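> Predicted model follows, preceded by the sequence.
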Amino acid sequence: MTDEEIMKDRAKSYGDAKVSFQGIANLWTNYIDYNIEPHEVAIMMALLKINRIKTAEGDSLKDSFQDARNYLTLAEGLKNGE
């Protein structure tokens with residue numbers, strides 16, 4: 001499955017990334033009282049996956065690498081206004 005196919009599949013499951021990540025950004029902003037942008041949510045989610053790569057094995061390792069790539073792809077698109 002290509003990155004684009006994965007992104008479309010995730011959109012079917014979780015909705016539009018921009019809307020979803022804006023909601024997360026709003027929650028995090030309110031919680032820490034510091035403005036977070038949607039693309040920053042995606043970057044921090046990628047960092048979470050990168051941290052998991054340190055200890056993951058097997059399918060979990062493969063999934064963590066794929067998820068990190070997907071989050072960074074989302075971050076780039078959100079940062080560029082896509």
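Structure received. Numbering: from 1, shown residues only.
> pLDDT below threshold where in the protein?
For the chain, the stretches with pLDDT under 70 are 1.
> That one: helices as residue ranges?
For the chain, the helices defined by DSSP state H cover 3-14, 17-32, 38-53, 58-79.
> Turn those into TSV, columns for mean neighbour count.
For every residue, glycine as well, the C-beta is placed using N, CA and C. Converted to TSV, those look like this (neighbours: other Cβ atoms under 10 Å):
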stretch	mean neighbour count
helix 3-14	11
helix 17-32	15
helix 38-53	18
helix 58-79	16
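> quick one: contacts for residue 10?
Taking Cβ atoms under 8 Å, 6 or more residues apart in numbering, we find residue 10 in contact with 17, 70.
> quick one: it from residue 59, how far?
Distance of residue 10 to residue 59, computed by Cβ to Cβ, to the nearest Å: 17 Å.
> Kindly report the same for residue 34.
On the measure of Cβ to Cβ, residue 34 and residue 59 end up 36 Å apart.
> Not counting sequence-adjacent ones, nearest residue to residue 42?
residue 75 (3.7 Å; Cβ to Cβ, 6 or more residues apart in numbering).
> Might one say that the one you found is in contact with residue 46?
Yes. Using Cβ atoms under 8 Å, residue 75 is in contact with residue 46, at 6.7 Å.
> which residues does residue 76 contact?
Residue 76 is in contact with residue 39, counting by Cβ under 8 Å, 6+ apart.
> what's the spacing between it and residue 27?
22 Å.
> Check residue 56 too.
26 Å.
> One more: residue 20?
In terms of Cβ to Cβ, residue 20 sits 11 Å off from residue 27.
> what's the answer for residue 71, then?
Distance from residue 71 to residue 27, by Cβ to Cβ: 17 Å.
> And residue 61, by the same measure?
29 Å.
> now residue 69
Residue 69 is 24 Å from residue 27, where distance means Cβ to Cβ.
> One more: residue 53?
Going from residue 53 to residue 27 by Cβ to Cβ gives 26 Å.
> For stretch 65-75, give me every contacting residue.
Residues outside stretch 65-75 that contact it (Cβ under 8 Å, 6+ apart) are 3, 6-7, 10, 17, 21, 39-40, 42-43, 45-46, 49-50, 53.
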